[in-house]
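Peer 1: fold the following and give me the result.
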Amino acid sequence: MTTWQQVLERDDLVGGDVEFHESGILYRGPIESITLENGRVTFKLLWAAQLSLDFVWEKRRAVECFVDAEMSPPGDIGDGRIFFAIPLLGHGTIFPKGGNKLDPAKVSGLEPGTG
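Peer 2: Numbers count the residues shown, from 1 in each chain. Predicted coordinates:
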């Protein structure tokens, strides 16, 4: 079983992407840092994008998100990816560096050269 402490010890996740599916909303961004404090896992993102109903990625204001470490335990799903459920809301996936990334050039409202 994978723990959040093991996730934090990996050097291939910061710089990768995290994707959240919450209540029918999909958002994603590159990870600047992951911290675990007081039972809360916090993801700080360089920038964030939300997929619109027109299937266009749009810049999102929030660049920090969190989950309860106990309620959302991580699991290794292969290819270096980490999956976690978010009870009553949805789920998230962490993609390591060099893996699946959202191209910042495809995000409406994001300044050129970001990312």
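Peer 1: show me the longest strand that occurs in this structure.
Peer 2: For the chain, the strand with the greatest residue count under DSSP state E is strand 25-37.
Peer 1: residues of that strand that come out buried?
Peer 2: Buried residues in strand 25-37, counted by 16 or more other Cβ atoms under 10 Å: Tyr27, Arg28, Gly29, Pro30, Ile31, Ile34. C-beta coordinates here come from the backbone N, C-alpha and C atoms, glycine included.
Peer 1: also stretch 82-95?
Peer 2: For stretch 82-95, a neighbour-count test (16+ other Cβ under 10 Å) marks Ile82, Phe83, Phe84, Ile86, Gly92, Thr93, Ile94, Phe95 as buried.
Peer 1: can I get those residues in a markdown table with pLDDT?
Peer 2: Output for those, formatted as a markdown table (pLDDT from 0 to 100):
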| residue | pLDDT |
| --- | --- |
| Ile82 | 97 |
| Phe83 | 98 |
| Phe84 | 97 |
| Ile86 | 95 |
| Gly92 | 97 |
| Thr93 | 98 |
| Ile94 | 98 |
| Phe95 | 97 |
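Peer 1: how about those residues, which pair is most distant?
Peer 2: Spanning the widest gap among the buried residues of stretch 82-95 are Ile86 and Phe95, at 16.7 Å by Cβ to Cβ.
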